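Asks: Based on what follows, work out the 3D shape:
(5 chains)
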Amino acid sequence: MITQKHIAGAIGLVVLLLLPVLIKLIFPGTDRYYLHLVIQILIWAFIYTGWSLMGRFGLTSLGHGAFTGIGAYVTVLLWNFAGITPWIGIPVAMVVATIAGVLVGYPCFRLRITGHYFALLTLAFTEFVRLCIVGLRDWTGGSLGTQPARYGDGLSLYAFQFEPNRVLAYYIVLAVWLIGLAIWIKVDRSMDRYALDAASQDEDAAASVGINVTREKLKITALSSAMCAFGGAIYGQYQMYIGPDTIAGLGVSLNIVFAVIAGGIWSLFGPTFGAVFTQVLAETLRVGLRGSETLSKILGQSALALDTFIYGLLLVLFIIYMPKGVVGTLAERWKRKAGS
Amino acid sequence: MMFGFFSSLDCSLDIFFVEALINGVLLAGLLALLALGLNLIFGVIDVVWICYAELVMIGMYAIFYFVQVLGLPLPLAFLLAIGLVACSGALLHYLVIRPVLDQPPINQLLVTGGVLFLLQAAATMAFGIEFRNLGIRLGSVNFGDMSFAWSRIITFAVALGAMIVLWQFLTRTYIGTAIRAISQDRQIMPLMGVDQKKVYLATSAIGGGLAGLAACLMVLQYDIYPQIGLQFGPLTFMICVLGGLGNMVGGFVAAFIIAQFITIGGSCVATEWGYAVAFLFFMLVIFVRPQGLFGAKS
Amino acid sequence: MNLWRSAACAAAAIGLISSASLPAAAQKEIKLGIIYDYTGPFAGGGSLPAAIATKIAVDMINERGGVEGHKIVATYADAQSKSDVAINEAERLLNEVKVDVLMGVFSSAHCVPMAAKVDAAKRFMWANVCVASAVFKGKNLQYVFRPQVHSDQFGEASCNFIAENAKTKLKKDPKDVSVAILYEDGPYGTGVAAGNEAKCKELGIKIAHKEGYAATSTDLSALVTKLRRARPDIILHTGYNPDITLFLRQAKEAGLKFDALIGHGAGYGQIDKLIETFKGDVNFFYNVDPVAAQLLDPKTLAPGVGDVTAEMVKRYKAETKVSEVPPHASMGFNQQWIFLTDVLPRAIKKHGGFDPEALRKASLETDIPNGGTIQGYGVKFFPPGHQMSGQNERSSPVVMQYVDGVTKIAWPANLRTIDPVLPFPAGHAYAR
Amino acid sequence: MLDLKNIDAGYGAFQALFGISMQVNAGEAVAVIGANGAGKTTLMRVISGMLPASAGAMTMEGTDLRATAPHKVVELGIAHVPESRRLFPRLSVEDNLRLGAFIPSARAHFSERLDYVYGLFPRLKERRSQFAGTMSGGEQQMCAIARALMSKPKLVLLDEPSMGLAPVIVQQVFELVRRIRAEGYTVLIVEQNVSQVLKVADRAYLLEVGRMVQSGSAAELAASDEIRKAYMGI
Amino acid sequence: MAMLRVDGLTKQFGGFTAVSNVSFEVAEGEILGLIGPNGSGKSTTFNCVAGMYVPTAGSIAFEGGEIGGLAANQVCHKGIARTFQIPRPFRNLTLLENVALSAHFGANAKLSRAQCWAKAEESLAMVGLPTDAYTSTDGLGAAALKKLELARALATGPRLLLADESLNGLDHSEMDQAADMLERIRKEKGITIVWVEHIMGVLMRVVDRVVVLDHGEKIFDGKPAEAQTDKRVVEVYLGETDH
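Replies: Okay, here's the model as predicted:
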């Protein structure tokens, strides 16, 4: 049966596939820059989607900055120091992140560490990983980051370096993002999703109907941490620069959580919307304010943090007035309209 | 050799090690004070202010502003800053926490996370991201080869004093008793004629005031910049949880343990590793004793 | 006053913050994208003076009528002391503003990834200030050029200085001198420290301690304790601004004593700021940097170069109201001047324009003898295939000493304007 | 003194009380009895304002209780000794009592009231600095009642004072109830232990599944079959 | 052979002994009433069997195998289902999802998606709740929530059903219906039932046998009619009659 939803999805997909062409038409000559923005949005959207798999079940992890960091750094370090291609490095990084996730997750789930205890514990984990990255400065380049060694002229299948060809990079990242959505849908339709929903509501009751709550949570943690590690690795390969503050650590964790909450944690496109929203807001404000003489005169240096300011303010307002996020709230409103 | 950091592993048990130990104790005073305020709020309102260290940052900037821009004398600036941060604490509760008290606890944590962004951004907008300091140099006191900064000694003494004063307040006054009681049984407080809202507000103000005091002590030692909260925030949560939430004595002991990890780890290996080991220790302890080192089993 | 000159002035004025190009004058334009850290810790670490002086160079050229009939339109962008912002700004300048050349860049942490990116995209980049050898070493970059000195040379300069002065000043054989190497852990600090370590080892100087730290550290007291335990004679320090301030403060509080401190650019290039914070404590500190142009004797340089220096110093002082023009101003200006007066005209005249290929060819043909630039050194770039291809092979730093707020040159011997004070005289805050 | 008319109350979708009407006159001891789950505790919570009533009217000496904020109910002279005592376990006995005198009118007479309750329960004076949670069940009940008396209430609500206590202690608890009656307090008591409570009460109400099914003097109810039916299903 | 045998069960919380040395058996096919006043330890006993608490001492054997100390989900897989005293529906799921979930995870055999849904519909129908896919748990009354508890337990395909105070909050007619339902479940599905309840009235009509607890100890084990006249049981419920 073909529903409206399917048609909309198909149209959306076609638009996305043709996007490089469209951007070229709309912004002739400056398409590289706009594609760059879109690529960044898609990478973060994938990472956010990975987090939301867990976050939507009340597992509010502040530890995913660690997973993105592990993904990026393990891949780059293996390449830089052992010459191992990211085709092997990325899976290894994902395995490392998964193991880390399970090591932190298992005791938490067994001991029923939830809510803010879970958040604080995973926060400690993120900081631990970030400090390790900085501390291992002889390998990781320390606090100011490092970059994957260029291979050839920078466009290489073997080294998985695709950044110079923006269009190629776009399609790779688009594929990654679509995989992220597919995983989300797959999880959403699985029985495990119901089990986790149930467990997030009432662990005892969930256990009483035969759900092994610990195992269900571990499964989703493993999936989510592997996805974030993958996203982190892709970020590193595309950006060709990784830094402990840009792809690891508490700042990244908080960004992930807040973007998803702003976008809507329970919706397929919520995390993506969060990514669009935060990235576009940050970029427009940064460029817009610097570009406008009057505004930067009025605001001066203040312009620097205006995006974060608006961002923080909106987050507070979202949580108070719109806990379901933008997409979630809109969907609900739409549903209500359709229902009545 | 597997890890680079071992190349700087250097931990002889000499006079400098003793110095590190004592410096750890001095640092613990500050950490304990930070944790105390958060613990109070945590215990009473059952909300984690993830932006607690950012309140401290606001306090530090306030002092900077009062002294460098308005030219006020330092003691007056300190008093004003404590008052200001206390008000911000109360305001934070009133504007941000109260509307979400009925939501899941994690939302309360996250909403204060939004405030964290807000405060950091506000500080950046007002003062830029440069590092600032008041240029206070208090010198140091020496015992043989050991050297201890006055700023740290004063910090420790004031932190200790503040904790004693707070303890007196909590044990000697009605509102203090109510604050201690409320974490033990929230629901029956109205039966005592206690208006929870007022106690929450008072606690938030006291917690804010403690953050303000911590700010006064921190400007003696540290540069002021918008992200300084991220340096101390995670540590503070860790100490609170480690000590057992709402357990102030436990928080005090936990501060000492964490401070020793930081200073000894820092002086034996490298600064980051001191912190990293402290975080690792924290995780391991919570896995063994989820209620914290000194928390009561529930 | 001719009409287009005033238009150029207006354009330059707006240029500081504007990304808009001026359509008014139907004149040929060359767009430059200039990235510096206007805010954040790097701003105070030397980026701001470099940015101001770079703009002075652009303004001066425009006032002279531009380059070969082309007006220079510069877009200045702020990297906010963050590498990811720097990369995004580079993307924006190259692909949205569509600049012809990407320039500037203070921090090596931005420079390394950015250079690789720009080169991979086959666009042209000219680095003014960042010094990390890692930008070029083994990267075989084609379209990135840097007349500036590189970090290996920084590291070598200080060790050479110690070796040459150990006997006479410290009354010790160089083999009995011990140094401690401290560095911020980015590419710049790491690069300088590696140079320090290699050269000092080669010269037989003992390395009592070597440690990196994060430039954003809030506490270096553990590091200070380790130094007190290691008791080095001389401290070789590489850092930005807040970390240097923190280190010096905590070192003094903890009573760390040593014979000399040699800084390596960045934060140590900002003597005004250090004096403001530490007063006499920083007296007799050394700093390794490309020389501040005004310190050189114009007679030793090519004709006309001295006038350029004088003009820059005049304008810099007028704009910033400072007494001492820091080395970073010279770096920003000098590199900009070299590009605008040497490379760009040749590219337009000889190679038919200013596309990356033309600029690349023009750069490779650059051959300025020593004494031909305001900082004394000449310019010739290592050719493609060389492990440092793109780096200026004729650049060199000097060791300067700050004496009572005045900068003197202490090394190399041929440029010397002072007999170095070593060790600290008695009564100095850090004297043993 | 206390007057309830057609009170409804519940928890979310679940209604626990249906149209409860009852009175307590000054000086009386009134018992509310009923099996587990009949809504007795809910009734107490409604009176002391811990649970808002969803319908009906409720006054204390003419003051509308439904319009009074929960923490203000104490100031009207109603002290509630909650089910299972609910002392603050990690506060000393004296701190517990101090909280009982939290309201401004009581604070003024704190030491006076403290002497009074120590006089009433000398045992508490011995244990004044001990953590309340470390005392025996009977002592805790004593402390809970003393805490309620600290506010100098007119009406004392006792919710299942004998619950969870050993039979010997239960005797002592009812002895306590008699004593506070003798002190002149009006008492509203909820109990499962029918035979005991009917001995101390003047009047009683029988609750069954949220509805008031019978009321009358204690003696009348003691003789009634309704109770056996409600409790034992006979 | 007894289906469930509880032997010397003791459970302490800190220093407090909630259940002390309680033993009883449940025969296959019977409905056993487990009663006692508040705080008598019946819920604790119940939760030890259901895997929520780990017993301090004693053994719990189900169909010959020891289940004391197993986790709740393991107990469920052994064939024991439970309901909760205060209904604990998964509010973020629809009725059908609530029940399908327990069909999927509760059964030992892996059922296909369709089978789960079919089983869920069957269980919902059995207790008289709507079986469509869209009804949410919002707005369900106490009686319906109790039924949902029951449906969820039934969907796991149990051989023993532990029903916890399932009549709390119901009116008289609803109570009777609920009691009838338990009887019907036994009759139609052959499920053995342990019914924990403190309202004795309705329970007495349906159960084969009652076990009465007081202060954590068993004080009576026998026919319902005998319990109603047993002196100790009466004392426990009405207080000591004379002293």
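
Asks: What residues of the longest helix seen in chain B count as buried?
Replies: What stands out as the longest helix in chain B, according to DSSP state H, is helix B:15-45. If you call a residue buried by 16 or more other Cβ atoms under 10 Å in any protein chain shown, then helix B:15-45 has these buried ones: B:16-17, B:19-20, B:22-45. Heads up, the C-betas are built off the backbone N, CA and C, glycines and all.

Asks: And stretch C:157-169, by the same measure?
Replies: C:Ala157, C:Ser158, C:Cys159, C:Asn160, C:Phe161, C:Ile162, C:Ala163, C:Glu164, C:Asn165, C:Ala166, C:Lys169.

Asks: Need the CA coordinates for that stretch. CSV is fine.
Replies: Taking Å, rounded to 0.1, in the frame of the first residue of the first chain, the C-alpha atoms of stretch C:157-169 are listed here in CSV:
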residue,chain,number,x,y,z
ALA,C,157,68.2,28.5,18.3
SER,C,158,67.7,28.3,22.1
CYS,C,159,70.0,25.3,22.5
ASN,C,160,72.6,26.9,20.3
PHE,C,161,72.4,30.0,22.4
ILE,C,162,72.9,28.0,25.6
ALA,C,163,75.8,26.1,24.2
GLU,C,164,77.6,29.2,23.0
ASN,C,165,77.1,31.1,26.3
ALA,C,166,77.5,28.3,28.9
LYS,C,167,81.2,28.6,29.4
THR,C,168,81.4,32.3,29.5
LYS,C,169,78.3,33.1,31.4
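
Asks: near chain B, anything from the helix or strand containing C:Glu276?
Replies: For C:Glu276, the host element (DSSP states H and E) is helix C:271-278. Yes: contact between helix C:271-278 and chain B, assessed by Cβ under 8 Å from any Cβ of the partner chain, occurs at C:Thr277.

Asks: Kindly provide the whole-number mean pLDDT of that helix.
Replies: Averaging pLDDT along helix C:271-278 yields 86.

Asks: Determine how far it lies from the middle of the whole chain.
Replies: The chain centroid and the centroid of helix C:271-278 are separated by 19 Å, computed with Cα atoms, centre = their mean, to the nearest Å.

Asks: related to what we said a few turns ago, can you flag which of the buried residues of stretch C:157-169 belong to strands?
Replies: Under the assignment DSSP state E, the buried residues of stretch C:157-169 contribute nothing to strands.

Asks: Can you pick out the most distant pair from those residues?
Replies: Pairwise distances across the buried residues of stretch C:157-169 peak at 16.5 Å for C:Ala157 and C:Lys169 (criterion: Cβ to Cβ).

Asks: tell me the centre residue of chain A?
Replies: A:Ile47 (2.0 Å; Cα atoms, centre = their mean).

Asks: coming back round to it: can you give the contact residues for the helix holding C:Glu276?
Replies: B:135, C:44, C:241, C:244-245, C:248, C:267-268, C:282, C:285, C:287, C:322-324, C:326, C:402, C:405, C:407 (Cβ atoms under 8 Å, 6 or more residues apart in numbering or on different chains).

Asks: name the helices or strands packed onto the helix or strand encompassing E:Glu188?
Replies: For E:Glu188, the element it lies in under DSSP H and E is helix E:172-189. Helices and strands touching helix E:172-189, by 3 or more Cβ pairs under 8 Å, 6 or more residues apart in numbering or on different chains; DSSP states H and E, are strand E:31-35, helix E:113-127, helix E:142-155, strand E:192-197, helix E:200-206.

Asks: quick one, helices of the stretch 101-250 of chain A?
Replies: A:115-135, A:137-140, A:166-189, A:191-201, A:203-208, A:213-239, A:244-247, A:250-263 (DSSP state H, counting those that start in this stretch).

Asks: again, but for chain D
Replies: Counting by DSSP H, the helices of chain D are D:40-47, D:70-73, D:93-100, D:104-107, D:110-120, D:122-126, D:137-149, D:167-182, D:194-200, D:218-223, D:225-232.

Asks: With A:Pro271 as the reference, name the closest of those helices.
Replies: helix D:70-73 (41.6 Å).

Asks: I'd like the distance from that closest one to the chain centre, please.
Replies: 15 Å.

Asks: quick one: low-confidence parts of the stretch 51-200 of chain B?
Replies: Filtered on pLDDT under 70, the stretch 51-200 of chain B yields no residues whatsoever.

Asks: count of neighbours near the residue in it positioned nearest to chain C?
Replies: The stretch 51-200 of chain B approaches chain C most closely through B:Phe131 (3.7 Å), counting by Cβ to the nearest Cβ. For B:Phe131, the neighbour count with other Cβ atoms under 10 Å in any protein chain shown is 22.

Asks: Over to it: give its phi and psi.
Replies: Dihedral pair for B:Phe131: phi -80, psi 130, per degrees, to the nearest 10.
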